[in-house]
Structures are given as structure tokens and as C-alpha cells.
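Visitor: Here you go, sequence then predicted model.
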Amino acid sequence: MRILLVEDEPSAALMMAKGLREQTYAVDLAEDGDGALYQAGVNDYDLIILDIMLPGKDGFEVCRELRAAGSSVPVLMLTARDTIDDRVEGLDTGADDYLTKPFDFRELLAHIRALLRRGQALRPDVIRVDSLEIDTRTRRVVRAGRSIYLTAKEYALLEYLARRAGEVVSRGDIAEHVWDENFDIFSNLIEVYVQRLRRKIDDGCGTKLLHTRRGAGYVFAPGGPELDA
Ligand code: CA
């Protein structure tokens with residue numbers, strides 16, 4: 001899941017970005033409204049965390065412009081002032097949720113999870129594909145009763161693929177939702193991670209889950225070699 005974090009105070013932005021990355025989110029930063037609108041226009045974010053007090057265009061204006069441009073990306077607004085007016089204005093501009101600073105980081109994570117769930121009507125906390133079980137709250141992964149240890153990036157890749165089980169997922173989709181803007185699309189990093197993930201979740205299992213569709217991408221679904229092509 002890829003997040004755009006819009007916050008002009010560098011220390012707050014870096015601290016939040018670090019915490020979010022530790023939770024396996026891919027995070028891009030914008031420090032003002034125009035930068036945020038530009039990035040939201042060229043990248044497909046799963047969520048935007050938007051500070052209201054920004055230099056130039058403030059968070060309200062950014063949200064209004066996003067919605068006017070037809071974007072339905074979930075927006076979580078952050079504000080230092082907890083006034084009814086701010087809250088009402090935020091929601092009126094099209095924000096989905098609202099959090100008052102200072103907040104506990106765990107509270108931020110809970111709001112993010114709730115918004116990401118809302119994004120898709122059926123987005124359960126526990127994803128099951130064949131004998132694989134992913135608990136997205138604890139990030140615990142079990143295959144056929146056996147716990148599997150994954151690095152943060154491996155986990156992010158697995159969750160993204162599993163949420164789109166049965167579909168052909170392109171390398172571009174993966175680059176956009178699992179990595180941040182520093183990802184080099186010409187590298188073979190995705191292949192490397194897919195291979196590692198496949199080894200961890202499929203080795204020793206009769207039913208394979210992670211299939212390569214040559215020239216198209218990957219398919220995450222239980223099946224045999226007929227799914228690889
Ligand atoms: Ca600010």
C-alpha cells in the first residue's frame with residue numbers, strides 16, 4: 001500500500017514516514033500543496049495523509065482540487081487545531097477522516113487501516129488464499145499451519161498480490177503500490193522479491209500460489225503450471 005504524506009515540518013514528516021515504512025507502507029513525501037497535487041496526479045496512491053497547515057495552498061484547497069479533478073483517493077487530514085469549523089470544512093472539502101495533532105502513532109495507524117478497508121468494500125483483516133492466511137493487523141503469515149517469516153518488503157508484496165488474488169498483476173502495478181518514488185523501474189528488484197517470496201510460501205507445497213505470466217506480470221492463485229505462461 002502506497003501513501004502520500006503531505007507535511008511541511010521536516011522532523012514530523014520524517015518521523016511519520018519512518019514509522020509508516022516500518023509498518024511496510026511505501027511512503028512518498030510532499031512538503032507543500034502544489035507538490036502534493038503534482039504527485040497525486042502522476043502516482044496512484046492508496047491513501048493521502050494531508051496536513052491542513054501548509055505553505056501556499058493549504059490542505060483544504062489541496063483536497064478540494066483533488067476531488068474537483070475526480071480523484072477518489074482516501075484522504076486523512078491532520079490538524080493542530082481541534083475546532084468544529086476545521087472539522088466541518090475538512091469533511092466538506094472531501095476528506096474522509098480527520099486526526100488532531102498531537103496523536104499517538106498507533107492511533108494514526110488505526111485510522112489508516114480503517115480508511116484502507118473502506119477503500120474496498122470487501123477488504124477483510126484476514127486474507128485467505130488456499131492454505132495461506134495473512135493477518136493484516138499483526139502481519140502474521142501462515143501457510144498450511146506453518147508460520148512464515150517475511151521481511152517488511154516481502155510482506156508488503158505478498159499482501160498486495162493476495163488482495164488482488166486471481167488477477168494478472170503487472171510489474172508496473174507492483175512498482176506503484178509496493179515501492180515508493182525512488183524505485184528504479186529498470187531494476188530486477190521485483191523479480192528478486194517474487195523469487196524470494198515464492199521460495200518462502202510455495203516451496204514444499206503441492207499447490208503453488210505465486211505464478212509468473214510472462215510479459216504480463218504475476219497471478220496469485222492456487223493452481224499448477226497451467227497458471228504460468
Ligand atoms: Ca504543517
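Guide: Received, thanks.

Visitor: what residues go with each domain of this protein?
Guide: As given by automatic domain parsing, the domain ranges for the chain are 2-117, 126-227.

Visitor: Quick check: which of those domains is nearest to the ion?
Guide: Nearest to the ion, of all these, is domain 2-117, at 4.0 Å by CB to the ion. No exception for glycine: its C-beta is placed from N, CA and C like everyone else's.

Visitor: what's the offset of that closest one from the middle of its chain?
Guide: In this view, domain 2-117 has its centroid 13 Å away from the chain centroid, taken as CA atoms, centre = their mean, to the nearest Å.

Visitor: tell me which parts of this protein are close to the ion?
Guide: Counting by CB under 5 Å from the ion, the chain comes close to the ion at 8, 51, 53.

Visitor: In a markdown table: those, plus secondary structure.
Guide: As requested, the residues of the chain next to the ion are arranged in a markdown table below (DSSP: H, G, I helix; E, B strand; the rest coil):
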| residue | secondary structure |
| --- | --- |
| D8 | coil |
| D51 | strand |
| M53 | coil |
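
Visitor: For ChimeraX, what selects the buried ones among these?
Guide: Those of the residues of the chain next to the ion that count as buried under 16 or more other CB atoms under 10 Å are selected in ChimeraX with:
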select :8,51
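
Visitor: Can you tell me which of the residues of the chain next to the ion is nearest K101?
Guide: Using CB to CB, D51 is the member of the residues of the chain next to the ion that sits closest to K101, with 8.5 Å.

Visitor: pretty sure the closest one contacts M16?
Guide: No. Look at D51 against M16 with CB atoms under 8 Å: they stay out of range, at 9.9 Å.

Visitor: Alright, I will stop here.
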